[in-house]
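Colleague: coords please:
(one chain, ligands or ions: 1)
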Amino acid sequence: MLRCDIITIFPEFFREAFDYGIIRRARAAGLVDTKAHDLRRWTSDKHHVVDDRPFGGGEGMVLKPEPIFAGVQELTGYRSREEYSPQTRVVLLSPQGRVFTQQLAQDLSQNASQIVLICGRYEGVDERVGEALATDEISIGDYVLSGGEPAAVVLIDAVVRLLPGALGNATSTANESFSERGLDHPQYTRPTEFSGLTVPEVLLTGNHGEIARWRREAALQKTQRNRPDLLK
Ligand code: ADE
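Modeller: Numbering: from 1, shown residues only. Down below sits the predicted model:
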């Protein structure tokens with residue numbers, strides 16, 4: 001059982017996020033448990049303040065370290081990063097992290113028994129969270145979100161579908177896009193003609209050799225057009 005604990009100032013954001021499709025089934029099957037925790041729960045002042053002005057000046061507010069450290073301590077049972085078991089991963093989601101990939105999703109799905117996800121907000125998170133608390137600082141791509149919450153959903157989705165038993169059919173996840181071989185080939189289903197748009201003839205022939213050749217070529221063309229960086 002993989003345990004995913006999300007630390008956020010918007011726990012309601014996750015209310016139905018994991019209630020669909022493969023992730024819902026994985027939860028029902030007991031492969032994963034997801035829980036969103038309100039960061040304010042670990043504040044000790046009357047107004048439950050989670051942020052403060054940045055030292056050195058500048059725009060916006062920064063998430064304070066103490067509630068985040070207290071939350072991770074309670075959720076992991078460990079007082080410092082040095083004590084974590086290797087199966088405990090504490091992930092800070094931020095645009096400054098290393099970029100999330102299928103390989104990292106595979107690493108987490110195979111090696112983690114608990115993932116604590118810290119969702120950044122405002123102008124940032126006190127750097128000591130990344131220095132001394134998180135095991136991984138991860139960005140889901142080179143763009144800036146208003147907070148780490150959508151990134152936490154993306155990461156959990158990508159990891160959970162790779163857990164053994166999560167995919168209903170026998171499809172191998174080793175055989176997908178980004179597992180080192182460029183993009184997937186295009187797929188078609190019925191009808192053979194729709195609004196004047198047709199299905200490539202070769203797919204209707206039943207000639208498996210020809211079909212395999214067409215798929216390789218079509219995948220390569222698509223990769224060249226959309227993701228030339230994958231071919232270098
Ligand atoms: N928070 C804001 N932008 C982000 C990104 N690209 N990835 C992860 N967390 C973020």
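Colleague: find the centremost residue of this structure, please.
Modeller: residue 155 (0.8 Å; C-alpha atoms, centre = their mean).
Colleague: and the closest residue to residue 119 other than its chain neighbours, what are its phi and psi?
Modeller: Nearest non-adjacent residue to residue 119, counting by C-beta to C-beta, 6 or more residues apart in numbering: residue 148, 3.4 Å away. Every residue, glycine included, has its C-beta placed from N, CA and C. Dihedral pair for residue 148: phi -80, psi -10, per degrees, to the nearest 10.
Colleague: neighbours of residue 148, how many?
Modeller: The tally of other residues near residue 148 (other C-beta atoms under 10 Å) stands at 28.
Colleague: coming back round to it: name the element the residue nearest to the centre of the chain belongs to?
Modeller: helix 149-160 (DSSP states H and E).
Colleague: what of residue 56?
Modeller: Going by DSSP H and E, residue 56 is not in any helix or strand.
Colleague: if I look at it, how far off is residue 62?
Modeller: 11 Å (C-beta to C-beta, to the nearest Å).
Colleague: looking at those two, which one has more neighbours?
Modeller: residue 62 (20 against 5).
Colleague: mind listing the residues bridging to residue 93?
Modeller: residue 119, residue 138 (DSSP bridges).
Colleague: so it touches residue 138, yeah?
Modeller: Yes: the pair residue 93 and residue 138 passes the contact test of C-beta atoms under 8 Å, sitting 6.0 Å apart.
Colleague: which of the two has more neighbours?
Modeller: residue 93 (28 against 24).
Colleague: show me the contacts for that one.
Modeller: 117-120, 138-140, 148, 151-152, 155 (C-beta atoms under 8 Å, 6 or more residues apart in numbering).
Colleague: got phi/psi on residue 2?
Modeller: phi -90, psi 130.
Colleague: ok, it - how many residues close by?
Modeller: 20.
Colleague: what of residue 204?
Modeller: Around residue 204 there are 12 residues (other C-beta under 10 Å).
Colleague: using PDB, write out every CA atom in the longest helix along the chain.
Modeller: As assigned by DSSP state H, the longest helix anywhere in the chain is helix 208-226. Coordinates of each C-alpha in helix 208-226 appear next as PDB, following Å, rounded to 0.1, in the frame of the first residue of the first chain:
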ATOM      1  CA  HIS A 208       0.200  -7.500 -39.100                       C
ATOM      2  CA  GLY A 209       3.700  -7.000 -40.600                       C
ATOM      3  CA  GLU A 210       2.500  -4.100 -42.700                       C
ATOM      4  CA  ILE A 211       0.600  -2.600 -39.800                       C
ATOM      5  CA  ALA A 212       3.600  -2.800 -37.500                       C
ATOM      6  CA  ARG A 213       5.700  -1.100 -40.200                       C
ATOM      7  CA  TRP A 214       3.100   1.700 -40.700                       C
ATOM      8  CA  ARG A 215       2.900   2.300 -36.900                       C
ATOM      9  CA  ARG A 216       6.700   2.600 -36.500                       C
ATOM     10  CA  GLU A 217       6.800   5.100 -39.300                       C
ATOM     11  CA  ALA A 218       3.800   7.100 -38.200                       C
ATOM     12  CA  ALA A 219       5.100   7.300 -34.600                       C
ATOM     13  CA  LEU A 220       8.500   8.500 -35.900                       C
ATOM     14  CA  GLN A 221       6.900  11.200 -38.000                       C
ATOM     15  CA  LYS A 222       4.800  12.400 -35.100                       C
ATOM     16  CA  THR A 223       7.800  12.500 -32.800                       C
ATOM     17  CA  GLN A 224       9.800  14.500 -35.500                       C
ATOM     18  CA  ARG A 225       6.900  17.000 -35.700                       C
ATOM     19  CA  ASN A 226       5.900  17.400 -32.000                       C
END
